[in-house]
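Enquirer: Sequence first, predicted model second:
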Amino acid sequence: RGISVTTEPSNSFWILLDVLARRRRLFMTIVLGATILATIIAFVLPKWYKAEALLLPPKDISAPISGLKELTDVASVTQGLDLPLLATPSDVYARILKSRTIADTIMTAFDLVRRYEAENADEAYKALMSNAEFKVTDEGLLLVTVEDKDPQIAAQIANRFIDELDKINSRITLARVSENRQFIEERLAKVKSELDSARKELQEFQQVHRTVDFDEQTRLAIDQAIALKSLLANIDLDLQVKERMLGQNNADLQELRRRRADVTRQLASLEQTNRDSSYFSLPISSIPRLKVQYEEIYSRVRVGEALYNVLLEEYEKARINENKSFSTISVLDRATPPELRSRPKRTIIVLSAFAVSVIVASLLASLLEFLRRMKESNSGDYERVARFISAYLGWLPGVKR
């Protein structure tokens with residue numbers, strides 16, 4: 001018996017090469033046609049240019065007041081926002097840039113409905129958002145990117161986004177500064193009223209009790225009482241000695257008794273009523289109670305004056321901040337007209353078309369070779385497949401053939 005030697009390659013790669021060799025005309029036609037067509041399309045497509053602007057996260061403006069933390073954050077733009085765990089203020093401002101408020105201003109300024117050939121503002125807004133990108137970099141910076149067929153327009157739109165963000169940020173900040181000023185103004189008026197009331201109460205206390213410096217006058221009154229008691233003790237001692245030496249009815253004793261009565265009366269007046277003093281009318285027995293009352297009134301006056309001075313200073317600062325204009329955006333790089341196009345990526349388009357055409361041509365050549373072999377080995381199945389392909393794909397050029 002003779003030995004049968006197969007001439008069919010056993011490796012799929014060699015089988016594919018054999019198929020491509022058999023169908024080289026079809027393969028080259030598809031690959032070259034698709035590549036040439038992609039090249040033409042790549043050069044016909046309009047050029048787009050990408051302008052970029054880079055800015056620091058907009059800073060929060062605050063109106064700090066020493067010791068009053070609740071007023072420090074009044075003018076903070078992002079203060080009070082319940083941000084997600086990984087969100088930052090830069091993410092908030094990136095979302096503000098996508099707002100319809102900014103987009104409407106830009107669409108009006110550049111007539112984007114006509115420029116984008118949109119039917120309405122909603123379509124123009126979608127086109128603008130597809131051509132613009134607002135990205136927070138890994139360093140936390142805010143990158144604004146705008147694409148347009150005109151490099152000048154791309155740069156102008158990117159810079160306009162920054163300007164509008166600055167306007168909105170400044171408007172929000174100034175509104176909160178104004179609210180802060182109004183709050184301080186109302187608080188200042190209330191503190192002024194309370195201070196006037198405390199001052200009036202202190203003045204009445206001083207007028208009624210004839211006090212200028214309560215502590216100093218109290219010390220003087222006590223010193224006076226001590227002096228009178230010392231004098232009274234000396235008089236009593238002198239009176240006792242003379243009563244033993246001169247007798248009860250001595251004329252000198254009568255004078256000492258009258259003097260003792262005068263000192264006793266003065267001491268009683270000082271301790272109980274003190275009605276005769278033009279300098280200090282407080283009885284010593286009332287000093288502890290009145291001292292508490294005086295210190296309470298006096299402390300209210302001192303605290304009110306300190307708070308009033310702080311609020312008055314901050315009120316003037318708030319008025320200055322309210323009337324001045326300032327920029328809240330720190331721009332690192334403003335957008336400039338790009339010199340190189342961003343798309344179309346001609347090399348990528350041509351290479352992609354080439355790669356896809358190679359795959360499609362290889363699959364098509366393999367399919368045709370499979371149908372050829374089926375026709376030779378099983379004509380019945382071939383006829384069924386042919387009818388199926390003709391029924392569904394017969395409208396394509398060359399399929400029926």
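Expert: Great, that's in hand.
Enquirer: just so I have it, where are all the strands in the chain?
Expert: Assigned by DSSP state E, the chain shows strands spanning 49-55, 132-136, 142-148, 331-333.
Enquirer: hey, which of those strands is tucked in deepest?
Expert: strand 142-148 (a mean of 23; mean count of other Cβ atoms under 10 Å). For every residue, glycine as well, the C-beta is placed using N, CA and C.
Enquirer: List of residues touching it?
Expert: Residues from elsewhere that reach strand 142-148, judged by Cβ atoms under 8 Å, 6 or more residues apart in numbering: 48-57, 90, 93-94, 97, 131-137, 154-155, 157-158, 161-162, 335, 342-343.
Enquirer: let's see it at 7 Å
Expert: 48-55, 57, 90, 93-94, 97, 131-137, 154, 157-158, 161-162, 342 (Cβ atoms under 7 Å, 6 or more residues apart in numbering).
Enquirer: Leu16 and Phe27, how far apart?
Expert: To Phe27, Leu16 is 11 Å away according to Cβ to Cβ, to the nearest Å.
Enquirer: again with Asp148
Expert: The gap separating Asp148 from Phe27 is 41 Å, by Cβ to Cβ.
Enquirer: do Ile348 as well
Expert: Relative to Phe27, and taking Cβ to Cβ, Ile348 is found at 23 Å.
Enquirer: what about the two, which has more around it?
Expert: Using other Cβ atoms under 10 Å as the criterion, Ile348 and Phe27 rank with Phe27 on top: 20 against 11.
Enquirer: burial count for Gly33?
Expert: 13.
Enquirer: Just give the closest residue to it, not the sequence neighbours.
Expert: Using Cβ to Cβ, 6 or more residues apart in numbering and skipping the chain neighbours, the partner closest in space to Gly33 is Ser357 (7.6 Å).
Enquirer: what do you get for Thr137?
Expert: Nearest residue to Thr137, sequence neighbours excluded (Cβ to Cβ, 6+ apart): Leu143, at 5.7 Å.
Enquirer: How about that neighbour: which residues does it bridge to?
Expert: Assessed by DSSP bridges, Leu143 has beta-bridge partners Leu54, Lys135.
Enquirer: Please tell me how far it sits from Arg372.
Expert: Taken as Cβ to Cβ, the span from Leu143 to Arg372 is 57 Å.
Enquirer: Low-confidence stretches in the stretch 51-200 of the chain?
Expert: Residue ranges of the stretch 51-200 of the chain with pLDDT under 70: 57-87.
Enquirer: I appreciate the help and will end here.
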